[in-house]
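A.B. asks: Give me a 3D structure for the following:
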Amino acid sequence: MGANAAAFASLLRGATNLSQCRWILEQLINSRYAGDIFLGNLALQMFGKLHGIGDARALFHRMAQTGRNLFSWSIMISALCRDGHHREALGCYHAMNLEGGIEADMVILSTVIGVCSALQNLCEGRKLHDRVAGCGLESDTVVHNALVSMYVKCGCLDDARAVFDATPTREKDAVSWNVMMAAYSSRGKFQQALEIFNDCLLHSVQGPDAVSFVTAISACCGLKDVKQARALEELSCSHGFLETSVAVQNSLINLYGKCASLSEARLVFDRIASKTALSVRAAVMEVMLRREEKFCHRFVIAFMLPSILMWCLGLVF
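C.D. replies: Numbering: from 1, shown residues only. From the prediction side, this is the model:
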């Protein structure tokens, strides 16, 4: 890359608004680098990031004459998805296939599978699954997660589970386990969701993350099983999330409330070092639903009163 080309690249990367990007593109078009695919792709990418989808379309069509490559199509499809133009993104993918000479990579395939998920287009989703399988990319973590999500969104839980089971455990990340858990939980299959969580604990290379625990706790809410709730609290503590994750803390308070075990909800609340408005709200709501006024007063005094006093001090000083 020449010095001037590097300068154009630096200017494009530094653009913070569409006006700047348009001005730089105008200078680029009037220079000897007008047909440079790398710089064209970079401008296309910046228009996408700045949500200038109209500018991105115009540049992409102009690049049909000056030159487009795999990255050009990938950037355009992603930009359309980012701005919610899912049908157009799918059309762009088909246009790429018709143009010939360009083979979709896993980035494009996973993006377009996400498009099918958003559109709940099962027919196109299955075609993409066949293509992925033919390319040997089915076990790729990103593609695998996109396929599972697509089948879940299209209401095909058995197909989602088949893809999940066919993927080697070493290729599954936390998202893989969480998507499958959430799919079961959202359909009232709480026990199956917890079975996936247990498999994650036993077999996952990375182990569960905070989202895994929140999802499992949510499933446990459906069962209202206080024994399971205590087990999840112990596990979240041993994994360090009870002390560090507000979402896990609030979910546990809510869970114990659903299990009508307010004394244990209070113990979780008391363990929270830095109480947030959300944790207080979770606790107070459960207490109020159970008409436990004594506990409710304690929660209010423990958090709300100090907050009000601090706010008043802020007004004074």
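A.B. asks: Please count neighbours and contacts with C-alpha atoms only from this point.
C.D. replies: OK.
A.B. asks: per-residue confidence for Glu234?
C.D. replies: With respect to pLDDT, Glu234 has a value of 93.
A.B. asks: What about it, how many residues nearby?
C.D. replies: 13 (other C-alpha atoms under 10 Å).
A.B. asks: elements contacting the helix or strand where it lies?
C.D. replies: Using DSSP states H and E, Glu234 maps to helix 226-238. Here helix 226-238 touches helix 210-223, helix 241-244, helix 246-258, going by 3 or more C-alpha pairs under 8 Å, 6 or more residues apart in numbering; DSSP states H and E.
A.B. asks: Go through those helices and pick out the most buried.
C.D. replies: Most buried of the helices and strands packed on helix 226-238, by mean neighbour count (mean count of other C-alpha atoms under 10 Å): helix 246-258, with a mean of 24.
A.B. asks: Pipe the helices and strands packed on helix 226-238 into CSV and attach mean pLDDT per row.
C.D. replies: Output for those, formatted as CSV (pLDDT from 0 to 100):
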stretch, mean pLDDT
helix 210-223, 93
helix 241-244, 86
helix 246-258, 87
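A.B. asks: can you pull the buried residues of stretch 193-209?
C.D. replies: For stretch 193-209, burial by neighbour count (16 or more other C-alpha atoms under 10 Å) applies to 193-194, 196-197, 200, 204, 207-209.
A.B. asks: one step back: dump the helices and strands packed on helix 226-238 to JSON lines, plus distance to Ala5.
C.D. replies: JSON lines is the format used below for these (distance: least, C-alpha to C-alpha, whole Å):
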{"stretch": "helix 210-223", "distance to Ala5": "44"}
{"stretch": "helix 241-244", "distance to Ala5": "47"}
{"stretch": "helix 246-258", "distance to Ala5": "47"}
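A.B. asks: right, so of the ones you listed, which gets closest to Gly125?
C.D. replies: With distances scored as C-alpha to C-alpha, the stretch of those nearest to Gly125 is helix 210-223 (25.9 Å).
A.B. asks: how distant is the closest one from the center of its chain?
C.D. replies: What separates the centre of helix 210-223 from the centre of its chain is 17 Å, taken as C-alpha atoms, centre = their mean, to the nearest Å.
A.B. asks: which residues touch it?
C.D. replies: For helix 210-223, the external contacting residues (C-alpha atoms under 8 Å, 6 or more residues apart in numbering) are 174, 177-178, 181-182, 185, 188, 190-191, 193-194, 197, 228-229, 232, 236, 241, 245, 247-248, 251-252, 254-255, 258-259.
A.B. asks: Which single one of the buried residues of stretch 193-209 is nearest to Gln45?
C.D. replies: Asp209 (31.8 Å).
A.B. asks: Without its sequence neighbours, what residue ends up closest to the closest one?
C.D. replies: Ala174 (6.5 Å; C-alpha to C-alpha, 6 or more residues apart in numbering).
A.B. asks: tell me the pLDDT at that neighbour?
C.D. replies: For Ala174, pLDDT reads 92.
A.B. asks: Measure how buried it is and give me the count.
C.D. replies: By other C-alpha under 10 Å, the residues close to Ala174 number 17.
A.B. asks: same check, this time on Met181
C.D. replies: If we define neighbours as other C-alpha under 10 Å, then Met181 has 26 of them.
A.B. asks: Please verify my assumption that it contacts Cys200.
C.D. replies: No: Met181 is beyond contact range of Cys200, at 9.9 Å (criterion: C-alpha atoms under 8 Å).
A.B. asks: all helices of the stretch 101-250 of the chain, in order?
C.D. replies: With helices called from DSSP state H, counting those that start in this stretch, the stretch 101-250 of the chain shows them at 106-119, 122-135, 141-153, 157-166, 174-186, 190-203, 210-223, 226-238, 241-244, 246-258.
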